[in-house]
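Asker: how would this look folded up:
(one chain, ligands or ions: 1)
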Amino acid sequence: MGCDGMDYSTIVDVFDKMEATSKRTELTDLIVGLLKSTPRELIDKVVYLMLGRLRPEYEGIELGVADRMALRALSVSSGLDMKSVEELYVKTGDIGEAAEEALSKRLQAVLFKDKLTVERVYSTLERIAMLKGEGSQDTKIRYICNLLNDAEPREGKYILKIITGKLRLGVADYTILDALAVAFTESKENRDILERAYNLTSDLGLVARTVALDGLDAVKAIGVELFRPIRPMLAERVSSAEEALDRMGGRCAAEYKLDGERLQIHKHGNKVRIFSRRLEDITSHYPDAIDAIMASIKVDVIVEGEAVAINQDTQEYLPFQELMHRRRKYGIEEAMREYPIALNLFDILYIDGRECIDLPYIERRNILEGLVNGSMGIVSIVPMLIVSDAKSMEDYMLKAINEGCEGLMIKDLNSPYRAGARGYAWIKLKREYRSELADTLDLVVVGAFHGRGRRAGRYGALLLASYNREDDTFYTVCKVGTGFTDEDLERFYGMLSPYIIRHKHARVNSRLEADVWFEPRIVIEVIASEITLSPLHTCAMNAIREGNGLALRFPKFTGRVREDKSAEDATSVDEILSMYRRQLKVTRQVQASEEDTGMIE
Ligand code: ATP
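Answerer: Sure, this is the predicted structure:
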């Protein structure tokens, strides 16, 4: 195909098939086919559209057209009155389908339609996204109508889905990376190279465009850049200081592990941007952090740290929840006064024109220490101790817990910063609770069951799943129905409804039949008493025993919705498997010591 554009109907055909499939391999094949038939200079745009966006997520460009406005445009373009259009929406329950039906009933057939191209759809959507403020509504509607007037009913369906943020094709970033490797390089093996570039840029469109236009070598040359967030390095967990030390080869750094919000801070001259763990731009939540960074750091940097709410009088750390007051658009000044923070830096990824992610941890730490001397206002460096025996590690952990920390973050002295990866170069060590699992789990809501009695009309229980990166699939691990307040139930109903889908999602593996299925999006935190074998759940199926997966026993919602996590950041199948193995080991040790002391009859 030449450079003379691409029919919008080509991508609509593929989107239709993607929506219909419940097989992940088919999904990848469809994406490969679409990428191959896309003119190369349009690749990034097609990738963004497939994700229901116009630009990488961190740029925060939202189409966010309200349903009502979209329906008004639909009414104008179809010639149906507003009431009929609204009825169609209620009847179909889907704005895209309402559009398809309304447009196929168009009163006057439009005789001279201009064929829609991808370029035209994209640039019109871009204009809609840029329009802000008073009086922009009518212009937005005009732009939408301009597209709908020339759209076939099926094309209109996806235009409305995209502008209202309701496109649900179920493609994960990793699926797209796979598809890019197949479509533009010799083999799937090259996916690692693409993934590295994605981890450093958080921009799939950029990676796609680079590989399609300039090839693999150009992708290899992609590096860290200011104001382009880097996907965060993540930690594994172990349950004892001995085990952590063992993994680290006998010597490592132990840092305080604070329970707040992770910030990635980019500073260039007097411009500062802050990204969350999910890489959303949250600069506006932390004016105080910006002032503090400007005051204490003179050079250009990318640093990472944990913002923690503190009690100003006692300087004690406060629970994570206190930080949530920052997540608001208005009144941030008050929130700043009432809920002051401390900013504890723990890593540096770029300094003065030079990326430092490939330097060993200890060198990065030295640079950081040279940068911030002691404590400068609210900015300081996370306390750290180099340890080479388990006793010192435990003592240091007790000290940290006493000062209001969750535990320790154990770090490999020689490890580079592994963007976007979870591994044993960082290990989280938290306080042990014998009666409960040592740690909470972050699980994805994939389905729900209707409530009865007091919960009639709401969800009575949610079906939760863990994530398996290898096959990009969510495996169920429990049904949770406890720990919800009445407000939680209300909130969940509203929060989940945009993600309802007709059939089990293509990337969900479940033996249970839920009453309602969701697109895997919402992540919630649960605690449980233990992990058990279960034939009902598919997490780690057959890994321990044939025909059995792993399930949580007595799971309970902790009250925390992990807005800072995407579904793919949920606790993984591997993590649950290793938690199960650790639990077996602990149980055996406890039994052995109880037998020794004659406690077991
Ligand atoms: P994860 O971020 O690993 O998916 P999570 O969000 O459930 O898991 P934790 O299990 O509490 O978080 O541990 C990791 C988080 O701890 C980091 O993402 C970071 O926000 C925070 N953290 C606190 N102190 C440190 C530190 N010294 N070094 C690195 N991270 C730290």
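Asker: Count the residues that sit near residue 66.
Answerer: Look at residue 66: counted by other C-beta atoms under 10 Å, it has 13 neighbours. All C-beta spots, glycine's among them, are computed from the backbone N, C-alpha and C.
Asker: Residue 260 now?
Answerer: Around residue 260 there are 22 residues (other C-beta under 10 Å).
Asker: Touching, it and residue 319? I think so.
Answerer: No - taking C-beta atoms under 8 Å as the definition, residue 260 is not a contact partner of residue 319, at 9.3 Å.
Asker: quick one: the closest residue to the ligand within the chain from residue 308, how far?
Answerer: Residue nearest to the ligand within the chain (C-beta to the nearest ligand atom): residue 262, separated by 3.2 Å. As judged by C-beta to C-beta, to the nearest Å, residue 262 and residue 308 stand 11 Å apart.
Asker: Tell me which of these two has more neighbours.
Answerer: Between residue 262 and residue 308, residue 308 has the larger neighbour count (other C-beta under 10 Å), namely 24 against 16.
Asker: Is it correct that the more buried one falls within a helix?
Answerer: No - secondary structure of residue 308 (DSSP: H, G, I helix; E, B strand; the rest coil): strand, not part of a helix.
Asker: Apart from its chain neighbours, what residue comes closest to it?
Answerer: Leaving aside its sequence neighbours, residue 308 sits nearest to residue 260 (C-beta to C-beta, 6 or more residues apart in numbering; 3.5 Å).
Asker: ok, now residue 66?
Answerer: residue 164 (7.5 Å).
Asker: ok, the one you found to residue 35 distance?
Answerer: 25 Å.
Asker: Next: residue 500.
Answerer: Counting by C-beta to C-beta - residue 500 and residue 35 are separated by 29 Å.
Asker: The two: which has the busier surroundings?
Answerer: Each of residue 500 and residue 35 has its neighbours counted (other C-beta under 10 Å); residue 35 has more, 23 against 14.
Asker: The residue lying closest to the more buried one once chain neighbours are set aside: neighbour count?
Answerer: Nearest non-adjacent residue to residue 35, counting by C-beta to C-beta, 6+ apart: residue 183, 4.1 Å away. As a burial measure, residue 183 scores 19 neighbours (other C-beta under 10 Å).
Asker: Let me see the contact set for residue 183.
Answerer: By C-beta atoms under 8 Å, 6 or more residues apart in numbering, residue 183 lies in contact with 32, 35-36, 212.
Asker: Same check on residue 58?
Answerer: 202-203, 228-229, 275, 279-281.
Asker: cutoff 10 Å now
Answerer: Shown in contact with residue 58 (C-beta atoms under 10 Å, 6 or more residues apart in numbering): 201-203, 227-229, 264, 273, 275-276, 278-281.
Asker: Show me which of these are buried.
Answerer: 201-203, 228-229, 264, 273, 275-276, 278-281 (16 or more other C-beta atoms under 10 Å).
Asker: Tell me which of these fall in helices.
Answerer: Using DSSP state H, the subset of the buried ones among the contacts of residue 58 located in helices is residue 201.
Asker: quick check, residue 558 in a strand?
Answerer: Yes - under three-state DSSP, residue 558 falls within a strand.
Asker: Let me know whether it touches residue 526 as I believe.
Answerer: Yes - using C-beta atoms under 10 Å, residue 558 is in contact with residue 526, at 6.3 Å.
Asker: Common neighbours of these two, please.
Answerer: 440-442, 483.
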